[in-house]
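Enquirer: Just the structure for this:
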Amino acid sequence: MSALWIALVDVKDADTYGKYAKLATEAIAEFGGQFLARGGRCHQLEGKERLRNVVIRFPSFDAALKCYNSETYRKALEYSSVSAERDMVIVEEL
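Expert: The predicted structure is shown next:
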């Protein structure tokens, strides 16, 4: 069963966040992730609005979790933690 990363993001420092995005994209590709939404238009219906929304499909829940815990993604997180506020969840698809 596939799984989704859903991230809601407010970028505070675009240059530093760009470094996160570069490393994160490498890690995501390594674990078979495919971007379904990456920024783009949105309309907040409920809850806290974030300026950037990202949805990524992985081949399995385990692949999504392994990507998040991978060395490459952990390095990427060093950049996002100082450049953005994020909420993120992994959701298994039906």
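
Enquirer: Please count neighbours and contacts with C-alpha atoms only from this point.
Expert: Noted.

Enquirer: where exactly do the strands run in this structure?
Expert: Per DSSP state E, the chain carries strands over the ranges 3-11, 34-38, 52-58, 84-92.

Enquirer: Would you format those as TSV with distance to Gln44, mean pLDDT and mean neighbour count included?
Expert: Output for the strands of the chain, formatted as TSV (distance: least, Cα to Cα, whole Å; pLDDT from 0 to 100; neighbours: other Cα atoms under 10 Å):
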stretch	distance to Gln44	mean pLDDT	mean neighbour count
strand 3-11	11	97	19
strand 34-38	15	97	14
strand 52-58	10	97	20
strand 84-92	14	97	15
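
Enquirer: tell me which strands and helices the longest helix belonging to the chain is in contact with?
Expert: Using DSSP state H, we find that the single longest helix of the chain is helix 14-30. Packing contacts for helix 14-30, counted by 3 or more Cα pairs under 8 Å, 6 or more residues apart in numbering; DSSP states H and E, involve helix 61-68, helix 71-83.

Enquirer: contact partners of that helix?
Expert: By Cα atoms under 8 Å, 6 or more residues apart in numbering, the residues outside helix 14-30 that reach it are 11, 34, 67, 70, 72-73, 75-80, 82-84.

Enquirer: which residue sits closest to Phe61 in space, ignoring its chain neighbours?
Expert: Among residues not flanking Phe61 along the chain, Ala3 sits closest, at 4.9 Å (Cα to Cα, 6 or more residues apart in numbering).
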